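K.L.:
Coordinates for the following, if possible.
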Amino acid sequence: MQGEKAMLNIYRTENQILHELEEFEDGIWIKLTAPTEEESQRVARAFNIEFDDILAALDEEESSRIDLEDGYTLILVDIPTPEIRHDKTAYTTIPLGILLTQDVIITVCNENTPILNHFVKRRVKEFSTKKKMRFVYQILYRTALLYQSYLRVIDRKRTEIEERVNGDIEDVDLIDLHELESTLVYFATSLRANGIVLDRLQRYKRLPQYPEDMDLLEDDIVENKQAIEMTGIYRDIIDGTRQLLSSIVDNRLNNVMKYLTSITLVMAIPTVISGLYGMNVASEWMPLANVAHGFGIICVLTLVICAITMLILRKKKML
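P.N.:
Numbers count the residues shown, from 1 in each chain. Alright, predicted model coming up:
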């Protein structure tokens, strides 16, 4: 995973316009991106948050969950992100922490994810830092959409490999398919965990919610389920493609071995004949040994036998 520049950004919406602030106040969104210990401690002290709960979002091994603490709520979800694996772009998942207090919403992530950048760049309609639960649901909605976007990229990579079936298939194609399949395993695990978080949010009553917020939560659940279904379908397709490529590679290897075996059989004929005539025995016992042009006749007969053998092998599709 590539390192990100440590950042602490403070935002607040006024009249549906996002402004960046310098100091903490009510109704703000604090965006921590790969924060330093000093930045994390500053936020933890200002809003009476356990320092470990901020660090939890920076631990790649943390799983999705909801923790209800005194005065705040910790929501951890897994989000997709690109990474360089074996000198190629692949995908994995990392935690995104959302801390909700009565006055502010805090997001913590190790990377500057496009999920949050959509809000910073004002690409999300009806976004307000004061409507915290709607903000959370909008984040989860963008998360599900990003999963689906990366899943389509994975399927396009699988299609590109599949299109090379009639050409030269290399070992790297099978390795790439394995990498794609591994990514889908990460996605499936993270999406199921996110689904559990969404189910718990349906029963979350600590912060006020609007009717349209619950509609957005339903959309989140639908999009997350669709991403899970896409992951399952693409895993099955990739598994079938991998088996197809393996079968083709094995079949081509069998054809090569069959071809080499046939060539060996044909080449054995002149070897056997020349070996017999090269034995140290009386010439009267060797056919055509004392006949004029005997050597030429033996060579012609050898070629004829080889030709007949090749025709038989070709008829049996051995050549």
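K.L.:
just for the stretch 1-150 of the chain, where's the confidence low?
P.N.:
1-6 (pLDDT under 70).
K.L.:
Which stretches in it count as helices?
P.N.:
Using DSSP state H, counting those that start in this stretch, the helices assigned to the stretch 1-150 of the chain run over residues 37-46, 51-56, 114-120, 132-162.
K.L.:
Skipping its backbone neighbours, what lies nearest Thr113 in space?
P.N.:
Among residues not flanking Thr113 along the chain, Ile79 sits closest, at 5.9 Å (C-beta to C-beta, 6 or more residues apart in numbering). Heads up, the C-betas are built off the backbone N, CA and C, glycines and all.
K.L.:
The one you found - how many residues pack around it?
P.N.:
24 (other C-beta atoms under 10 Å).
K.L.:
quick one: it and Pro114 touch, right?
P.N.:
No: using C-beta atoms under 8 Å, Ile79 is not in contact with Pro114; the gap is 9.4 Å.
K.L.:
Same list (the helices of the stretch 1-150 of the chain) but as JSON lines, adding mean neighbour count.
P.N.:
Shown next, in JSON lines, are the helices of the stretch 1-150 of the chain (neighbours: other C-beta atoms under 10 Å):
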{"stretch": "helix 37-46", "mean neighbour count": "15"}
{"stretch": "helix 51-56", "mean neighbour count": "17"}
{"stretch": "helix 114-120", "mean neighbour count": "18"}
{"stretch": "helix 132-162", "mean neighbour count": "19"}
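K.L.:
Using JSON lines, lay out those together with distance to Asp176.
P.N.:
Converted to JSON lines, the helices of the stretch 1-150 of the chain look like this (distance: least, C-beta to C-beta, whole Å):
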{"stretch": "helix 37-46", "distance to Asp176": "38"}
{"stretch": "helix 51-56", "distance to Asp176": "34"}
{"stretch": "helix 114-120", "distance to Asp176": "24"}
{"stretch": "helix 132-162", "distance to Asp176": "6"}
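K.L.:
Tell me which of the ones you listed approaches Glu20 most closely.
P.N.:
Distance to Glu20, taken as C-beta to C-beta, is lowest for helix 114-120 among the helices of the stretch 1-150 of the chain, at 8.7 Å.
K.L.:
Remind me what the closest one packs against, helices and strands.
P.N.:
Contacts defined by 3 or more C-beta pairs under 8 Å, 6 or more residues apart in numbering; DSSP states H and E place helix 114-120 against strand 7-14, strand 29-33, helix 132-162.
K.L.:
So which other helices or strands are in contact with the longest one?
P.N.:
When you say that, I think you mean helix 132-162. Under the contact criterion of 3+ C-beta pairs under 8 Å, 6+ apart, helix 132-162 touches strand 72-85, strand 88-101, strand 105-109, helix 114-120, helix 171-201, helix 211-277.
K.L.:
again, but for the first one
P.N.:
Packed against strand 7-14, as judged by 3+ C-beta pairs under 8 Å, 6+ apart, are the following elements: strand 17-21, strand 29-33, helix 37-46, helix 114-120.
K.L.:
for these, which one sits closest to Arg200?
P.N.:
Set against Arg200 and scored by C-beta to C-beta, the helices and strands packed on strand 7-14 come closest in helix 114-120, at 20.0 Å.
K.L.:
Now the closest one - C-alpha only, CSV.
P.N.:
Provided in CSV are the C-alpha atoms of helix 114-120 (Å, rounded to 0.1, in the frame of the first residue of the first chain):
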residue,chain,number,x,y,z
PRO,A,114,-12.1,8.7,-3.8
ILE,A,115,-15.2,7.9,-1.7
LEU,A,116,-14.5,10.9,0.5
ASN,A,117,-13.1,13.0,-2.3
HIS,A,118,-16.5,13.0,-3.9
PHE,A,119,-17.8,15.0,-0.9
VAL,A,120,-14.7,17.4,-0.9
